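> Need coordinates for the below:
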Amino acid sequence: MSKNRLSKLARKLRKEATEAENILWYHLRAKQLNNLKFRRQQPVGKYIVDFVCFEKKLIIEVDGGHHAENNETEKKRTQWLNDKGYTIIRFWNNEVLQNCTGVLEEILNYCQYIEADGQ
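Residues are numbered from 1 along each chain as shown. Modelled structure (predicted):
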């Protein structure tokens, strides 16, 4: 997929965000979480990720059931992103909807782990 088509798809995904994505974005946007800059529905290579902090090379995915259905494709995507140095953490939609505070704490823990690990 061309870069232009990928960017258009990312814009479309931002407009069509799920409720869980919108709630998490509310807390991640404008450097609200530990002064870290996150982007949403961002192209990374040939993939679009839900949220990314380039400074920490951290990707956050908020998943519905469709990710479980596409297991082999998801494995290849994850491997490619890991090979590029990204850490990926995943949350189910219901986790964000029912325990957003816990999700944010877990994201912060990953960010601190990445700092301590020297990455």
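
> Average the pLDDT values over stretch 108-115 and round to the nearest integer.
Stretch 108-115 comes out with an average pLDDT of 81.

> Give me the helices and strands touching the helix or strand containing residue 60, please.
Assigned by DSSP states H and E, residue 60 belongs to strand 58-63. Judged by 3 or more C-beta pairs under 8 Å, 6 or more residues apart in numbering; DSSP states H and E, strand 58-63 is in contact with helix 19-28, strand 47-53, strand 87-92, helix 93-98, helix 100-116. From N, CA and C alone the C-beta is placed, and that goes for glycine too.

> check contacts around the closest residue to residue 44 other than its chain neighbours.
Leaving aside its chain neighbours, residue 44 sits nearest to residue 52 (6.1 Å; criterion: C-beta to C-beta, 6 or more residues apart in numbering). Residue 52 is in contact with 38-39, 42, 44, 58-60, 86, counting by C-beta atoms under 8 Å, 6 or more residues apart in numbering.

> for those, which one is nearest residue 114?
Checking these against residue 114 by C-beta to C-beta gives residue 58 as the nearest, at 6.5 Å.

> and the nearest residue to residue 92 once chain neighbours are set aside, how many residues sit next to it?
Once flanking residues are discounted, residue 92 sits nearest to residue 63: 5.8 Å by C-beta to C-beta, 6+ apart. Residue 63 has 17 neighbours, counted by other C-beta atoms under 10 Å.

> Over to residue 38?
Burial of residue 38, expressed as a neighbour count using other C-beta under 10 Å, amounts to 25.

> And for residue 15?
7.

> Pull up the gap between it and residue 81, please.
Using C-beta to C-beta, to the nearest Å, one obtains 24 Å as the distance from residue 15 to residue 81.

> just residue 2 next, same as before
20 Å.

> What of residue 73?
13 Å.
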